[in-house]
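**Q** Pasted the sequence and its predicted model underneath.
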Amino acid sequence: MTLKIEIETDGGAGDAPPYEQVRAQIAEQARGGVLPVGYKLPTVRGLAQDLGLAANTVAKAYRALEADGVIETRGRHGTFVAAAGDAAEREASAAAQAFAERVQRLGLSERAALDAARDALRAAYGDSG
């Protein structure tokens, strides 16, 4: 198993910036089990060099992944795929709870709240979700 990242620079990948392409591909591979928990990721500089990107671009992707709980940095030991499933599910549950409380305060019906959530999910995931 190895990390596989392809950067689209000619309008592909929905015109996503390179750091977002790196973030999304690592997150997908980690959450899909292609990269198992504990897999050591390349250094920021090493991955940047391999992909032909600036180190700051990869560092931005790594920071976002760490904030999402997908990866963890262990100081001088490196950066590893974290056990993110539980953390991501807890965060999603907390966000859903906050949404439910907010729409109830706004006086929306359950159906209207579900419609709003469904519309937001479709906008975020597109038709592939």
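**A** Okay, I see it.
**Q** Tell me the spacing between residue 105 and residue 95.
**A** As defined by CB to CB, to the nearest Å, residue 105 lies at a distance of 16 Å from residue 95. (Glycine included, C-beta is placed from N, CA and C.)
**Q** quick one, helices of this protein?
**A** Here the chain has its helices, by DSSP state H, at 18-31, 44-51, 55-67, 84-105, 110-125.
**Q** relative to helix 55-67, how tilted is the first one?
**A** In other words, helix 18-31. When axes from the mean of the first three to the mean of the last three CA atoms, to 10 degrees is applied, the directions of helix 18-31 and helix 55-67 differ by 40 degrees.
**Q** again, but for the shortest one
**A** Orientation note: helix 44-51 sits at an angle of 120 degrees relative to helix 55-67 (the same axes, to 10 degrees).
**Q** Can I get the worst-scoring helix or strand of the chain on mean pLDDT as PDB, trimmed to CA atoms?
**A** None of the helices or strands of the chain scores lower by mean pLDDT, DSSP states H and E than helix 84-105, at a mean of 80. The C-alpha coordinates for helix 84-105 follow below in PDB (Å, rounded to 0.1, in the frame of the first residue of the first chain):
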ATOM      1  CA  ALA A  84     -10.300   9.200  12.300                       C
ATOM      2  CA  GLY A  85     -13.600   7.300  11.900                       C
ATOM      3  CA  ASP A  86     -14.700   7.700  15.500                       C
ATOM      4  CA  ALA A  87     -13.600  11.400  15.700                       C
ATOM      5  CA  ALA A  88     -15.300  12.200  12.400                       C
ATOM      6  CA  GLU A  89     -18.500  10.500  13.400                       C
ATOM      7  CA  ARG A  90     -18.500  12.300  16.800                       C
ATOM      8  CA  GLU A  91     -18.000  15.600  15.100                       C
ATOM      9  CA  ALA A  92     -20.700  15.000  12.500                       C
ATOM     10  CA  SER A  93     -23.100  13.900  15.300                       C
ATOM     11  CA  ALA A  94     -22.400  17.100  17.200                       C
ATOM     12  CA  ALA A  95     -22.900  19.200  14.100                       C
ATOM     13  CA  ALA A  96     -26.200  17.400  13.400                       C
ATOM     14  CA  GLN A  97     -27.300  18.000  17.000                       C
ATOM     15  CA  ALA A  98     -26.500  21.700  16.800                       C
ATOM     16  CA  PHE A  99     -28.400  21.900  13.500                       C
ATOM     17  CA  ALA A 100     -31.400  20.200  15.000                       C
ATOM     18  CA  GLU A 101     -31.500  22.600  17.900                       C
ATOM     19  CA  ARG A 102     -31.100  25.600  15.700                       C
ATOM     20  CA  VAL A 103     -33.800  24.700  13.200                       C
ATOM     21  CA  GLN A 104     -36.200  24.000  16.100                       C
ATOM     22  CA  ARG A 105     -35.500  27.400  17.600                       C
END
